Every structure is written in structure tokens, then in C-alpha cells.
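In: Sequence first, predicted coordinates after that:
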Amino acid sequence: MSDVAIKVENLGKLYRLGEIGTGTLGSDLSRTWARLRGKEDPFAKIGETNDRTTKGSSDFVWSLKDVNFEVKQGEVLGIIGRNGAGKSTLLKVLSKVTAPTTGRVKVRGRIASLLEVGTGFHPELTGRENIFLNGAILGMTKQEIRRKFDEIVDFSGVERYIDTPVKRYSSGMYVRLAFAVAAFLEPEILIVDEVLAVGDAEFQKKCLGRMKDVSVNDGRTVLFVSHNMAAVKQLCTQGLVMRYGSTIFEGSALEAVNYYQNSSDTNSYFEHSGPLAEAPGNDNIRLLKFAVKPLRGELLTISSGLEFELTFFNQKAGINLDATFELRNLDEIPIFHHGALLTTQNDSQQGIYTVKGQLPGYLLNAGIYQFKLLFGESQRHLLFATDDVLQFEMLNESLGSNNSILPGILRPDIQYAVSFVDAVQV
Amino acid sequence: MQTIEASPAADPRVSPAPPAEEDWTEIIEPRVGLLDLGLKEVWRYRDLVLLFVRRDFVSTYKQTILGPIWFFIQPLLTTITYMVVFNGIANMSTGGVPPLVFYLSGVTIWNYFAQALTATSTVFTANAAIFGKVYFPRLTMPLSIVLSNLVRFGIQLGLFLLIWSYYLLTTDALHPNLYLLLTPVLVVLMGLLALGLGMIFSALTTKYRDLAMLLAFGVQLLMYATPVIYPLAKLEALPEKYRWFILANPLNAIVETFRFGFLGSGSFSWAYLGYSALATAVILLVGTIIFNKVEKSFTDTV
């Protein structure tokens, strides 16, 4: 008797890069020949990990490598990691969409996976017909669907259009209906891949609520992949961090999120050294330096304020040049998107520019933030946009008796005016 | 209605191994046995098969004026074309049978095979989007295709029977006999043959798209290698050394027996029919093995 719902042992998944087609018949035959003799696949190099930023030496890559973990019954496991860390591949293997190359997964209970909502919806069929079809694809029987039909329609909120072909639906209605079917699945194990990024805010809240419901009240095991750290913290009990196809951290959801956020490089300083042509950028713009430092003191805290300084090389002379700073927190919520006009008289020059900007203290709350830069011409044409170029952390400062970080995006220092109006006898 | 079978306490298996290792519902592994079809699982998903069949019908004729009448128009127009071209212009014999009945019988059973095969052969490529996102037994898809073609065949058989009885009552050119009772066997054989061939093609097309091209006109050519538009007796016109090529075609005996039972013209041979059954079994087996191997990982190569 054990309460482990999923046990993953040495799981590996090998992918072939490049085109499959012409010229592969020959290598297919030699692979088959090797396998028949019980030899290793001659084209699979051992130990090459999946780092998409470096160029590998073979055409094969381990999208998952030696992945081991267990999920207990009733746990909600959040799987986080950068793009290409192998999260989706892991979910695909778990939901049996594709077979692993090595290792195995032991499962106790029925798995239903939501890698996408509305899989198998047929545009010509009505909402009603699609509920049955989609439900059956997800593994429900006709009876089960019939029993839950009213709830599904109710949850989706498209009752009025239920006998209209879904091709006439608005995309929002379509997604609502699709999620509603999935939300009423009753498997022992539910696998969810970022399907929450659908619908309007109200519906998203409803979906998160439903997921919480499924895990807490019904005691189901849920595997949840997301880039939304807020949702992971809110929904999950356990967390798993992946990088380059391997798991690098296991623990509680909060610990995992913290690990992930801290392991991604929090360097508040970027400087390019070396030839100009190798600096990040393109033929228009080369990024040379970007740094964030406190206005006062040594540390970036909620009270210190901050100054950011950008240095770049501009190639295009005689234009109106502008630079935009975009700040986001780790939940990918934009804090601001603010531009500086560098030249306004079509008089930009080829050469190096520096731009400085300041944010006052008591504006940003404690937390980790990311800067993204966009360079434009006449505020119209994009010359160059970076990925998140810089990450920095604002530290908390305890003021008064409360030591913990206050919730919220902003951390204003509000001066309250309090006055006693009148004594009232009740 | 299904519940999960592997409630640990209810598991009757006794095993010396650590108990926790033994009551897994499922183990996902790189490779499975060649013939491990998971028919039990397909049975659990039987509602899905029926819903797919229903979807095929409903979606095909939505937004058409004539709707299901197209089921009758297609074989009738084809039959009339054959009558004009092969009987009228090329003056090919129908073995003394009224051309309308002769060609319609051939077209009806041939269409069943050809459409089932063509549709099955694209199962993986056409459904890659669904297959890549959600798991259900892949076999449900080809099964549902063959089933929906079976229903279509049933409808078209009705049309054929209507015209057939008209000729039966008004002329004495038709001589139906007891072999007519073999029809269900023929229909099953043909369905399985289409399923087997379709599975082979669908599995191989995931990697080598060339086969899709081959199949498109291959089916067309195969029709001429099958006695659909000519009676098998006409084969004598062919030089001896090429005759085996036609006779090796397992569809041959099926079409010929179907026609013999209903029309009383042509021939019947247990040996040929037995050969067809054997060939069907072999093709189905090969198809199953290949399909089974490919379905595990085709999302990586499609």
C-alpha cells in the first residue's frame, strides 16, 4: 500500500533535429540494423544535453534526460523552468502522446491531460455535439458526459448558443466551452499545461478556482506547468524546477519558485566587452552597457530609489531615435513601458549614446524585476528589441514592526491624515 | 461507466515483490509488445468510436442542399459513366447482365473498399494535431473510419438492392443463388482488408510522404486490376503470363463472389475466396504490427 500516484524513473526522450525526410531512409536502415543486433543507436550521442543556445555536435538531442521524481496522491505539482527546459516534453510523455526513449513512468489511476483546450472540436458541429465528442476524446463515456452536461453548459456560460455550430462562436465562447468540458473531467490524475492563459480575467479566475477545487476538495493529483509564478504559488503544493531536460530542484511550491527565480541570473549589470560587431543587437543598434544602481546607499531597496543607465551604439544617422524601457515583474506583469526621445530633429548621429533614468524610492515593492529595451525610429519603426536584458532584485526594508514583504506591486509611502470627527453615543 | 480497476486493496494478485511496486494501473515504457493492441482500452473508448462515426456523417453533409442524397448520386453517376464509357463506347461485355446492375454492383462494393482505404491511410497525418495533444487509443480512428464507410455501404447497398429487385422482377437476366448469403462475410473481409492496408499506409506515411502520392493513383489502378468494370471471365483475353497478376489480387474473389451471389453470372471458387481470407489476415497482421509500432512515437516524426 503506497500513496504514490506517479513514479518517474530515469526518463529520457531523444529528439532528432532538422528535417526528417529525404536522406533519412539510409540512416533509418542502419539504426534498425543496429537495434536488431542489440546495439546502441549509432546516431544518438550519449550525454549531450538540451541547451538550445549552443550548437550541438550531433543531430540528436536529449529533450529529457534521467528525470526522476515521485508525485504523491493528492499533491498539486507545479513544474517550472525556462522555455525549452523539457516541461512540455515531460507532459507529453506522461500523457502518452509520445513514448519515452529510455526509462519508464509508473502510474496509479486514470490520467487525463489538458495540453490544449478544445482538442478535436469540429467547427461544423454544434456546441452540444462538440461537448460529447470532446468529452469522449478526453476519456469520458457518454453517460458521464450526459450526467454532467448541464454543469458544463452552465460553467461555460454559452447556453444560448449550445445548438449553434461552433464555427459561429466568438473565440472567447469557443475557449470557454472547451475549458468547461475539460474542467468536469474526473480522472485521478490531471495534467494541465498553461491552458489557463485563455479567456477574460473573470473566466481565468473561474478556471483557477475550479482547478483549486479539483485538487483540494476532490483530492486529485494535479501536474501543472506554467510560467505564471503567481498561479504556481497559489495552486501548487509541490514544485519541480527543470533545466536542459533534467530536474534541478524538488521541494515545496514556494521553495521551487524561489529557487527558480534566484537561479535565473540576477545580475543588475550588463556590459559588453569585445568587438562591437559581437555586441547584442543588429545592424541598427548594438547594446554596450546597461546597469541599475541605487540612488542612495549601497543596496537596492524599496526606499533607495534606483538609477538605470544605458549605453549603446547607434548606426543610423539622421533619424529620430528613441529608446523605450519596459519593466516587468516575475509574474510577467508590466510595471511600466516608458520611452525616451533621444533626437527629435532628425539629427541622430552614428556613435555611442548614453541614457540615464531614475525611479524614486517608495515606488516599486520588494521583488525581482526584469528590464527589456526597445529601440525605435520616429516612435514608429522598431530598430531593435532585446529579450529580458537585465534582472534585479529590490530588497525589503523593515519599517516599524512589520518585517514581511507587503503584498502589491507598488510600495508607496503614503502620508495619512487622520482626524477625529466627533464623539457619537450609541 | 467505468471506475478505476486498480484499487490497491481489491487487487487479488499475490506477489512476492514489494507490494507498492505491483499495483500500478499503468506503466509507460519506451516499447511495447508487437501485438499488444490494447483492445480492452479500445472497448472502453467505444463511445468515442461511435461519436467519430457520427461526426463523419454530420459534418460531411452540413451546408449541402441535397444532404444525404449524395450517398445515392455518387454511385449512380459513376455507374452511368461506366455504362457510357466501357459498355457504350468501348463495347465491353458484362457477361449477359444488364449493364446498370452489373456496374452498380461493382461500384457499390468497390467504393466501400476504396473510400475506407483512402480515409484510413491518412489517419496519422490528418489527425496529427489531435494526436499530438491528447491520448486516446489511436486504433479508434481507423476503426471509426471503416465503420462509417460500412454504414455508407449499407445505404448504397439499399440502392443497389432496389434496382436489383426491379431487374429481378421484370427480366430473367439475373440468377441469384445461395452464395448470396456469403455477403456479410465478404463485407467483413473487405473492411478488414481496407483497415489492414490503410494502417500500413497511414503508419508509413508519417515518415515518408511519398506513399500518399502512390496511394492516390494506386487505388485507381487497383480498380482496373479488380473485376469491377469487367467480368472475371474476360481475363482469358489476357496473355497467360500476366493473368497471375490479376488473380493474385485478394480483392478479386471478394468482388467476384459478391457479383456471383446476386447476379448469378461469373464464377465462384472456395479456393480463391480462401486465398482472399488468408491474404486479408496476413495484411491485417502486418498492418497491426506497423501501426502499433508507429503510434507510440509518430508525433515526433509526422
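Out: Perfect, I can see it now.
In: For the stretch 151-300 of chain A, give me the ranges with low pLDDT.
Out: Within the stretch 151-300 of chain A, the segments meeting pLDDT under 70 span A:194-200, A:261-268.
In: Mind doing that once more with 80?
Out: A:171, A:183, A:185-187, A:194-219, A:227-231, A:244, A:258-275, A:297-299 (pLDDT under 80).
In: what are the ranges of the strands in it?
Out: With DSSP state E, counting those that start in this stretch, the ranges of strands along the stretch 151-300 of chain A come out as A:189-193, A:221-225, A:238-243, A:246-252, A:269-271, A:285-294.
In: Can I get those in TSV including distance to chain B?
Out: In short, each C-beta sits where N, CA and C put it, glycine included. Output for the strands of the stretch 151-300 of chain A, formatted as TSV (distance: least, C-beta to the nearest C-beta, whole Å):
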stretch	distance to chain B
strand A:189-193	9
strand A:221-225	12
strand A:238-243	18
strand A:246-252	17
strand A:269-271	38
strand A:285-294	37
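In: Please work out which of these is packed deepest.
Out: strand A:221-225 (a mean of 26; mean count of other C-beta atoms under 10 Å in any protein chain shown).
In: Spell out which residues of the stretch 151-300 of chain A are next to chain B.
Out: Taking C-beta under 8 Å from any C-beta of the partner chain as the contact definition, the stretch 151-300 of chain A meets chain B at A:165, A:188.
In: Sheet-wise, list the partners of the one helix or strand A:F392 maps to with their directions.
Out: Under the criterion of DSSP states H and E, A:F392 resides in strand A:381-394. Neighbouring strands of strand A:381-394 in its sheet, by DSSP bridges, are strand A:367-377 (antiparallel).
In: Now the partner strand: average pLDDT?
Out: The average pLDDT for strand A:367-377 rounds to 89.
In: got it, and stretch A:321-340?
Out: 90.
In: Also stretch A:303-311?
Out: Rounded mean pLDDT across stretch A:303-311 is 90.
In: From chain A, how far out is B:T79?
Out: In this view, B:T79 and chain A are 29 Å apart by C-beta to the nearest C-beta, to the nearest Å.
In: Give me the mean pLDDT for the helix or strand where that residue lies.
Out: If you go by DSSP H and E, B:T79 is part of helix B:70-82. For helix B:70-82, the mean per-residue pLDDT is 88.
In: packing partners for it?
Out: Using 3 or more C-beta pairs under 8 Å, 6 or more residues apart in numbering or on different chains; DSSP states H and E as the contact test, the elements touching helix B:70-82 are helix B:99-121, helix B:140-170.
In: Next one: the shortest one, is it in contact with chain A?
Out: To tie it back to what came earlier, the one meant is helix B:99-121. No. Helix B:99-121 stays clear of chain A (C-beta under 8 Å from any C-beta), getting no nearer than 15.5 Å.
In: Would you map the helices across chain B?
Out: Along chain B, counting by DSSP state H, helices occupy B:39-44, B:46-60, B:70-82, B:99-121, B:123-126, B:128-131, B:140-170, B:183-205, B:210-224, B:240-247, B:251-263, B:270-295.
In: residues from the stretch 201-302 of chain B in reach of chain A?
Out: Counting by C-beta under 8 Å from any C-beta, the stretch 201-302 of chain B sits next to chain A at B:207-209, B:296-297, B:299-301.
In: now these in a markdown table, with neighbour count and pLDDT?
Out: As requested, those are exported to a markdown table (neighbours: other C-beta atoms under 10 Å in any protein chain shown; pLDDT from 0 to 100):
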| residue | neighbour count | pLDDT |
| --- | --- | --- |
| B:K207 | 18 | 76 |
| B:Y208 | 16 | 78 |
| B:R209 | 13 | 78 |
| B:K296 | 19 | 75 |
| B:S297 | 18 | 70 |
| B:T299 | 17 | 72 |
| B:D300 | 20 | 72 |
| B:T301 | 15 | 68 |
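In: Of those residues, which is the nearest to chain A?
Out: Nearest to chain A among those: B:K296, at 3.9 Å, using C-beta to the nearest C-beta.
In: relative orientation of the helix holding B:T79 and helix B:46-60 in degrees?
Out: Angle, helix B:70-82 to helix B:46-60, by axes from the mean of the first three to the mean of the last three C-alpha atoms, to 10 degrees: 60 degrees.
In: which residues sit against helix B:70-82?
Out: B:61, B:64, B:66, B:100, B:103-104, B:106-108, B:111, B:152, B:155-156, B:159-160, B:229 (C-beta atoms under 8 Å, 6 or more residues apart in numbering or on different chains).
In: gap between the nearest residue to B:F160 once chain neighbours are set aside and A:L64?
Out: Nearest residue to B:F160, sequence neighbours excluded (C-beta to C-beta, 6 or more residues apart in numbering or on different chains): B:T108, at 4.8 Å. According to C-beta to C-beta, to the nearest Å, B:T108 and A:L64 sit 51 Å apart.
In: just to revisit the earlier point, who wins for most neighbours among the contacts of helix B:70-82?
Out: The residue in the contacts of helix B:70-82 with the most neighbours, by other C-beta atoms under 10 Å in any protein chain shown, is B:G106 (26 neighbours).
In: tell me the contacts of the closest residue in space to that residue that isn't next to it in sequence?
Out: The shortest distance from B:G106 to any non-neighbouring residue, by C-beta to C-beta, 6+ apart, is to B:V228 (3.9 Å). With contact taken as C-beta under 8 Å, 6+ apart, B:V228 is in contact with B:106-107, B:110, B:255.
In: Could you single out the most deeply buried of the helices and strands packed on helix B:70-82?
Out: Comparing those by mean neighbour count (mean count of other C-beta under 10 Å), helix B:99-121 ranks first with a mean of 23.
In: so that helix versus helix B:140-170, what angle?
Out: Using the same axes, to 10 degrees, the direction of helix B:99-121 lies 180 degrees away from that of helix B:140-170.
In: related to what we said a few turns ago, closest to chain A among the contacts of helix B:70-82?
Out: For the contacts of helix B:70-82, the minimum distance to chain A (C-beta to the nearest C-beta) is 9.7 Å, reached by B:Y61.
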